[in-house]
Each structure stands twice: as C-alpha cells, then as structure tokens.
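everything below, folded, please.
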Amino acid sequence: MSKLTKIICCFLVLLAPLWAQGRRAAAQAGAAAPATPAIPDKNPFESPQDVQQGGGLFQTHCSYCHGSFGEGGRGADLTTGNYRRGGTDSELFTTVRNGIPGSEMGPVRASDEEIWKIIGFVKRLGTAERPTDTRKATGDPAAGQIVYEKKGACMSCHRIGEVGGNLGPELSDIGRRRGVTFLEESLLKPEADVPIPYRGIRVVLNSGQTVAGVRLNEDDVSIQLRDTGDNLRSFLKSNIKEIRRDQPALMPAYGSMLNKKELDDLIAYLTSLKGAR
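Numbering: from 1, shown residues only. So this is what the prediction gives:
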C-alpha cells in the first residue's frame, strides 16, 4: 500500500464517526419535523360573520366563473348543493385550495382562513332558501317553447340540456334559479344584468374587420373569444387595432321583436325549466 493510500485511509477512519453523528442528527431532525396539518373535517369558520366575509371573498375569487350568486356560467352552478368532487367541508377545502387538474379551475390564492370562509358561503348557497318572486307566469309554456325555438332564436346562443349554443348562459334550470321579474327584465333590458363570462367584446382587426363575441382568455400577446356564430377564435394582439368592451350585452332586446303574448309565453316556458334534481 502506498504512503498516499495509507494517509487517505486514515483520514476516512477519522471522519467516519462525524458522518455517523451527522446521519443520526439528520434522522432525529426528520423525526421531530412537524407533519403537515390535517385538514379539519368541519369548517372552523362558519359563523354568520365568517359567512358574510366569505361572500365578499367569493365575489373577488370565484364570481367571474361561478356567477355573482353562484348560479354558474363558465364554472359550475353552486346553488344546487351538489359538488362533483365531494361536498364535505374537507373535500371542498381541497378543491378550492388545489383547484381541479385538467380544468379551468386553478388553485385559489388566499389564506386557509379565507378559503374556509368562502366554503361557508358556498355551502349556504346550496342550502339556503332562495328569494322568491311572488309573480306568477301567465303565459302558455308550450307556446313559449315554440317562441324560444323559432321566432326568438334563443337556441342559437343558449343551451337546454345538450341542445343549443354556448354564447349565453345555460338555461336548463333557469326556472329554479330566476323568477318572472328577473326573466322579464332580461328579455326587455338584457344589459341590466350580464354575467361576467358572457359580457360582449368586439375585436377590431388591423384589416378593419370586426369580430364580436364573448372573451374566453386573454394575455399580453393574444386574445381568444367565442364569436356570435359560436366559433372559437384566437387573435394575436399585434394584428388587433382595438378591443371594445362598450356593449356588454350581445343579446337583443326582445320588446321590439315579440308581442306581449309571445313574451308572456316565453317567460312561462323559461320558468318551467327546473333542471334535474
């Protein structure tokens, strides 16, 4: 054995106890490290004040996709009380905290306490009695369905079940979520209450062409929208002269298109749509 080899062997022998001590210390530190706190089974923040604060947080973080009242839009309808990924407090917390992989719903950037308050508000949406419109529909639902499908051309933008377009909100259970007064106002003054995901946008290209629709996504270099023909369109902003957001309602006012009986019949039909429970 050479002299250099002997020196290296002696050096390793001297270091061996120190290495062993370091491994023991690391193992002890790992054993002492606090485990990730378990998600509580029950929401610790569900007092009336917490739920009220959760409502404000919901408007900030969730209403763009789920609607101001949780009625749905780009995101799921939260007023039914049915949640596809589980409805316990801990399951809802996990969904909101982590988002849903493969979907448009990403993680919510908020503290744990704020997420619990949002969940408290969401669960109230699914269990509380919704305000009741005392007005009753006076028209004929069967005649209203014909107006919906023919003269009103509502199917071109709205979907009931699997039938219809995607430019406007789904109407499968609109009669459960909305009353006569709201529906009447929506038909006569559609700009009065337009859910954010369905607000109109007009893109004016450098060529002079104008494309109207609803915005789907937008970043610094491009914008994607669904045009009025229900087609998905994407444009580079370098090819865009102007983006107009001054006409939020793409839906026409039906007061000049339908007579009173047709309007009453259409409202009666819409109020009859309760969806599957």
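
show me where pLDDT drops low in the chain?
1-37, 73, 126-133, 276-277 (pLDDT under 70).

now do the strands in it.
Secondary structure of the chain, counting by DSSP state E: strands at 159-160, 163-164, 200-205, 210-218, 222-227, 232-236, 240-244.

any idea how far Val96 is from Gly55?
From Val96 across to Gly55, the span is 15 Å (Cβ to Cβ, to the nearest Å). Bear in mind the C-beta positions are built from the backbone N, C-alpha and C, glycine included.

actually Gly67, not the one I wrote
On the measure of Cβ to Cβ, Gly67 and Gly55 end up 13 Å apart.

looking at those two, which one has more neighbours?
Gly67 (24 against 19; other Cβ atoms under 10 Å).

pretty sure that one is in contact with Val194, am I right?
No: counting by Cβ atoms under 8 Å, Gly67 does not reach Val194; the two are 11.0 Å apart.

can you map out the helices along the stretch 151-277 of the chain?
Ranges of helices in the stretch 151-277 of the chain, per DSSP state H, counting those that start in this stretch, are 174-177, 180-188, 260-271.

for these, which one ends up most surrounded?
The highest average neighbour count among the helices of the stretch 151-277 of the chain, using mean count of other Cβ atoms under 10 Å, belongs to helix 260-271 at a mean of 22.

outside of that helix itself, list whatever touches it.
Helix 260-271 is contacted from outside by 137-148, 151-152, 154, 171, 174-175, 178-180, 183-184, 187-188, 254-255, 258, using Cβ atoms under 8 Å, 6 or more residues apart in numbering.

now do it against helix 180-188, angle only.
120 degrees (axes from the mean of the first three to the mean of the last three Cα atoms, to 10 degrees).

that older thread, pipe the strands of the chain into JSON lines and attach mean neighbour count and distance to Asp77 per row.
Output for the strands of the chain, formatted as JSON lines (neighbours: other Cβ atoms under 10 Å; distance: least, Cβ to Cβ, whole Å):
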{"stretch": "strand 159-160", "mean neighbour count": "18", "distance to Asp77": "13"}
{"stretch": "strand 163-164", "mean neighbour count": "15", "distance to Asp77": "16"}
{"stretch": "strand 200-205", "mean neighbour count": "18", "distance to Asp77": "22"}
{"stretch": "strand 210-218", "mean neighbour count": "16", "distance to Asp77": "18"}
{"stretch": "strand 222-227", "mean neighbour count": "17", "distance to Asp77": "20"}
{"stretch": "strand 232-236", "mean neighbour count": "12", "distance to Asp77": "23"}
{"stretch": "strand 240-244", "mean neighbour count": "13", "distance to Asp77": "29"}
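
how about those strands, which one is nearest Ile119?
strand 210-218 (26.8 Å; Cβ to Cβ).

from the middle of its chain, how far away would the closest one be?
18 Å (Cα atoms, centre = their mean, to the nearest Å).

helices or strands next to that strand in the packing?
strand 200-205, strand 222-227, strand 232-236 (3 or more Cβ pairs under 8 Å, 6 or more residues apart in numbering; DSSP states H and E).

select, out of those strands, the one closest to Gly106.
In terms of Cβ to Cβ, the element of the helices and strands packed on strand 210-218 nearest to Gly106 is strand 222-227, at 16.8 Å.

tell me what the closest one is packed against?
strand 200-205, strand 210-218, strand 232-236.

can you do 10 Å?
Contacts defined by 3 or more Cβ pairs under 10 Å, 6 or more residues apart in numbering; DSSP states H and E place strand 222-227 against strand 200-205, strand 210-218, strand 232-236, strand 240-244.

just want the angle from the last one to strand 232-236.
Between strand 240-244 and strand 232-236, the angle comes out at 120 degrees (the same axes, to 10 degrees).

hmm, who's touching strand 240-244?
With contact meaning Cβ atoms under 10 Å, 6 or more residues apart in numbering, strand 240-244 is reached by 200-212, 215, 218, 222-223, 225, 235, 237.
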